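Enquirer: here are the coordinates; sequence isn't available:
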């Protein structure tokens with residue numbers, strides 16, 4: 001990605017000896033926009049970030065894993081400020097242009113000695129080629145790093161968008177994922193970038209769930225360097241840019257769900273034929289969050305009654321006698337009637353797949369919405385029971 005450099009190192013923040021400190025650096029101040037958690041308990045880096053992002057510029061982002069720097073009081077704020085100053089001094093840039101982000105265990109103070117040695121070190125590792133190092137350094141319970149890069153053309157000029165995310169647990173559609181960073185080389189105003197980011201978020205990170213929890217540290221940050229020379233000004237370029245940004249965010253969101261703690265399957269629930277957009281959202285969200293639905297998927301059991309029941313308690317307007325239910329293309333319920341044993345046997349075979357689409361047609365209107373979610377296995381309980389061990 002032209003104009004951006006990345007690094008990821010082992011600073012000793014984590015107990016397991018893995019990479020735990022990452023840095024994104026733009027060679028010139030980038031136009032910036034961000035969305036943050038809606039949780040009322042907000043981590044110290046976000047308290048700072050919400051103020052700094054108002055300027056619409058950012059040149060460096062420091063991210064640590066292994067410690068959330070949340071519920072740490074005044075000391076947490078002081079530590080976050082100190083980290084941003086160390087980054088600024090090491091790079092020779094203004095501290096106002098540095099954002100910090102953290103993920104990990106809540107309640108513990110940052111081990112500042114690790115940052116005092118790690119920050120000067122990580123600056124020396126910056127390179128356009130070290131995206132994977134950064135993506136690995138920001139992980140917690142994730143099994144896999146998450147990077148998506150796409151290119152497009154506006155006029156006779158090419159532009160690129162790259163997204164890097166981490167997230168495996170504490171994922172629900174109430175802002176975004178745990179942490180996601182979007183880098184692009186287009187030239188765009190900060191308010192236009194935020195509008196595009198919000199729209200992309202609504203179609204991607206706000207339509208996923210792993211466990212129904214919202215983190216205290218959720219951050220979705222976009223940086224635009226302008227180095228491609230492509231300007232996002234009028235309707236045509238905006239549409240092309242938005243489409244590519246939507247695709248990057250959606251692919252990242254899918255990767256988060258696939259990598260969900262203990263997950264073995266990726267499921268899309270589509271609710272169509274709703275009377276209103278709100279009804280389609282409510283029904284699909286409630287089904288996606290249902291632990292009974294998630295455990296049935298894990299057990300490869302076509303227990304369709306759990307899906308119907310979740311829709312019924314969602315607050316959406318439903319008429320049971322009008323509902324159709326499909327697993328992929330296999331109908332299991334039509335006009336409120338179960339089709340019997342043979343269709344259910346075929347559905348059970350579909351449920352052995354790693355990716356499944358469930359469609360609930362309410363047959364009451366024209367509105368549609370959808371969510372991506374994963375199943376719920378014994379490993380989810382094990383991972384979270386041992387998280388601080």
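Expert: Perfect, I can see it now. In this text the structure is predicted, and so the values were computed from the model without any measurement.
Enquirer: When you work out contacts or count neighbours from here on, use the C-alpha atoms and nothing else.
Expert: Fine.
Enquirer: low-scoring pLDDT stretches of the chain, where are they?
Expert: Judged by pLDDT under 70, the chain has its weakly predicted residues at 169-177, 212-213, 387-389.
Enquirer: Now for it: which strand has the highest residue count?
Expert: strand 21-36 (DSSP state E).
Enquirer: Quick check: neighbours of that strand in the sheet, parallel or antiparallel?
Expert: strand 4-9 (antiparallel), strand 57-65 (antiparallel), strand 219-224 (antiparallel) (DSSP bridges).
Enquirer: Run the angle between the very next helix or strand once past it and strand 219-224 for me.
Expert: Sequence-wise, the next helix or strand downstream of strand 21-36 (DSSP states H and E) is helix 44-52. Orientation of helix 44-52 against strand 219-224 (axes from the mean of the first three to the mean of the last three Cα atoms, to 10 degrees) gives an angle of 40 degrees.
Enquirer: and the strands paired with strand 21-36 as CSV, adding distance to residue 250 and mean neighbour count?
Expert: Below are the strands paired with strand 21-36 laid out as CSV (distance: least, Cα to Cα, whole Å; neighbours: other Cα atoms under 10 Å):
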stretch, distance to residue 250, mean neighbour count
strand 4-9, 22, 25
strand 57-65, 22, 25
strand 219-224, 13, 25
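Enquirer: Out of the ones you listed, the one nearest residue 338 is which?
Expert: Closest to residue 338 of the strands paired with strand 21-36, according to Cα to Cα: strand 219-224, at 42.6 Å.
Enquirer: Between the two ends of stretch 225-232, how far is it?
Expert: Start and end residues of stretch 225-232 are separated by 12 Å (Cα to Cα, to the nearest Å).
Enquirer: cool, stretch 349-357 as well?
Expert: By Cα to Cα, the extent of stretch 349-357 from end to end equals 13 Å.
Enquirer: residues of that stretch that come out buried?
Expert: In terms of neighbour count (16 or more other Cα atoms under 10 Å), stretch 349-357 has its buried residues at 350, 351, 356, 357.
Enquirer: and what of stretch 31-48?
Expert: 31-37, 42-46, 48.
Enquirer: closest to residue 215 among the residues you listed?
Expert: residue 37 (6.9 Å).
Enquirer: thought that closest one was touching residue 206?
Expert: No: with contact defined as Cα atoms under 8 Å, residue 37 does not reach residue 206; the gap is 11.4 Å.
Enquirer: Share the number of residues neighbouring residue 17, please.
Expert: 10 (other Cα atoms under 10 Å).
Enquirer: give me every residue that touches it.
Expert: Residue 17 makes contacts with residue 10, as judged by Cα atoms under 8 Å, 6 or more residues apart in numbering.
Enquirer: Not counting its neighbours along the chain, what's nearest residue 276?
Expert: residue 367 (5.7 Å; Cα to Cα, 6 or more residues apart in numbering).
Enquirer: now do residue 164
Expert: Computed as Cα to Cα, 6+ apart, the closest residue to residue 164 that is not its neighbour in sequence is residue 147, at 4.6 Å.
Enquirer: I'd say the one you found and residue 165 touch.
Expert: Yes: assessed by Cα under 8 Å, residue 147 is found in contact with residue 165 at 6.7 Å.
Enquirer: shared neighbours, those two?
Expert: With Cα under 8 Å, 6+ apart as the test, residue 147 and residue 165 both reach 135, 252.
Enquirer: For these two, indicate the residue with more neighbours.
Expert: Remark: of residue 147 and residue 165, residue 165 carries more neighbours, 25 against 21, as counted by other Cα under 10 Å.
Enquirer: host element of the more buried one?
Expert: strand 157-166.
Enquirer: Could you do residue 311 as well?
Expert: Element membership for residue 311, per DSSP H and E: helix 304-312.
Enquirer: contact partners of the helix or strand just after that helix?
Expert: Toward the C-terminus, helix 304-312 is succeeded by strand 324-327 as the next helix or strand (DSSP H and E). For strand 324-327, contacts defined as Cα under 8 Å, 6+ apart pick out 331-336, 347, 350, 356-363.
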